[in-house]
Structure formats: C-alpha cells, structure tokens
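Below is the sequence, then the predicted model.
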Amino acid sequence: MLALFLLATLLQGPADVGTLTAASDAVAHATVLRSESRWAPSGGLIFTTVTLRALETWKGALPPEFQVLVQGGSASGYDQTVQGVARFSAGEEVVLFLHRRTQGVYSVSKMGLGKFSVTKQRAIRSRKGLDCSGCAPSEQDDFALDELRAKVTR
C-alpha cells in the first residue's frame with residue numbers, strides 16, 4: 001500500500017476538560033460499532049466515518065447511534081495518515097467531546113484532544129502526534145470515569 005502522510009498538527013489550547021466541555025456541542029460516553037473510509041467527493045483526501053452507540057450523553061442531545069467524521073483512513077489501496085486526529089477501533093469504549101457538523105454527524109473537538117479511551121473505568125487521553133500550542137502542562141489526561149463525568153456534568 002502507498003502511504004501518504006499529511007503534516008503534523010499544531011493545535012491552539014487550552015484543552016482542559018472545562019474548556020473542552022464549554023466549546024463542545026455534545027459530550028458522549030460511547031462504544032465504537034464500526035468505521036468506513038472513503039475518498040472525499042472532490043478527491044485527494046480520505047475521510048473515515050465512525051459509527052458509535054451512545055452509552056450516556058453527558059452534554060447535549062445525541063441519537064442512540066451517531067457518526068463521527070475524521071480525516072484520514074484507507075481507501076482503494078491508499079492510506080492517508082493525519083497526525084493528531086482521533087483514531088478508533090471497533091468495540092473501543094470512549095468519551096468524546098463533539099462538534100455537530102450536520103444531523104447525527106459530528107467531529108471530535110480539538111482533534112485527538114477531544115477523545116478519551118476508556119479501560120477499566122479509567123478515561124485516558126493520548127497526545128500522540130499532537131503539538132498543542134497554548135495547552136498547559138497541568139492539563140490532566142487520565143481520570144477515573146466517574147471523575148471525568150462529574151467534571152463534564154457540573
């Protein structure tokens with residue numbers, strides 16, 4: 001397969017939970033059902049549509065199943081990797097801070113900074129591939145799931 005790597009991402013902070021919550025249209029605790037990548041209609045870029053099932057909605061209103069659109073993916077034998085975007089795998093449990101694009105379709109707030117992976121009741125955010133200008137060193141990336149829920153819903 002031919003791999004195309006797009007430029008590393010420079011984000012504007014802050015990306016603490018309070019700021020992410022205030023800037024997001026919805027916050028969901030969800031499970032990844034499946035994903036599908038395809039070329040954009042204008043060509044040149046690949047986008048992946050991730051379908052998720054909401055376990056809980058902590059902010060906003062979400063349908064029981066919703067989609068997240070992310071840049072990059074694999075289509076027609078080509079891979080596009082976009083540094084800093086949230087990555088998903090089927091069956092993964094996540095907490096997502098979301099921006100509404102259209103009905104039932106969202107994007108992750110501040111790219112990968114708006115995604116926490118949930119394992120054993122812990123929500124952990126990865127900053128892999130991110131250079132976050134304006135993010136504070138004190139921004140927390142590891143929470144007990146109940147603690148993260150409380151921070152979002154207060």
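Yes, it's here. Remember, predicted model here, so these are calculated numbers, not experimental data. Residues are numbered from 1 along each chain as shown.

Tell me the buried residues in the longest helix along the chain?
The single longest helix within the chain, with elements called by DSSP state H, is helix 145-153. Within helix 145-153, the residues scored as buried using 16 or more other C-beta atoms under 10 Å are 145, 148-149, 151-152. No exception for glycine: its C-beta is placed from N, CA and C like everyone else's.

Reformat these as a markdown table; add pLDDT.
Compiled in a markdown table, these are given as follows (pLDDT from 0 to 100):
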| residue | pLDDT |
| --- | --- |
| 145 | 98 |
| 148 | 98 |
| 149 | 98 |
| 151 | 97 |
| 152 | 98 |
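
would you list those residues in a markdown table and tack on distance to residue 66?
Listed next are the buried residues of helix 145-153 as a markdown table, based on distance: C-beta to C-beta, whole Å:
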| residue | distance to residue 66 |
| --- | --- |
| 145 | 20 |
| 148 | 19 |
| 149 | 18 |
| 151 | 22 |
| 152 | 17 |
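
where does the chain have low pLDDT?
Scanning the chain for pLDDT under 70 picks out 1-11.

And the helices in it?
So, for the chain - with DSSP H - the helices run 17-23, 145-153.

Tell me which stretches of this protein form strands.
Applying DSSP state E to the chain gives strands spanning 2-5, 9-12, 26-39, 46-59, 65-71, 73-75, 78-81, 93-102, 105-108, 115-119, 122-124, 130-133, 142-144.

quick one: which of these is nearest residue 20?
strand 93-102 (4.4 Å; C-beta to C-beta).

which parts of the closest one are buried?
Result for strand 93-102 [16+ other C-beta under 10 Å]: buried residues 93-98, 100.

Could I have the CA atoms of it written out in PDB?
C-alpha atoms of strand 93-102 as PDB (Å, rounded to 0.1, in the frame of the first residue of the first chain):
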ATOM      1  CA  GLU A  93     -15.200   2.400  24.600                       C
ATOM      2  CA  VAL A  94     -14.600   6.200  24.500                       C
ATOM      3  CA  VAL A  95     -15.600   9.600  25.900                       C
ATOM      4  CA  LEU A  96     -15.900  12.100  23.100                       C
ATOM      5  CA  PHE A  97     -16.200  15.900  23.100                       C
ATOM      6  CA  LEU A  98     -18.100  16.700  19.900                       C
ATOM      7  CA  HIS A  99     -18.900  19.500  17.400                       C
ATOM      8  CA  ARG A 100     -22.100  19.000  15.400                       C
ATOM      9  CA  ARG A 101     -21.400  19.000  11.600                       C
ATOM     10  CA  THR A 102     -24.900  18.000  10.500                       C
END
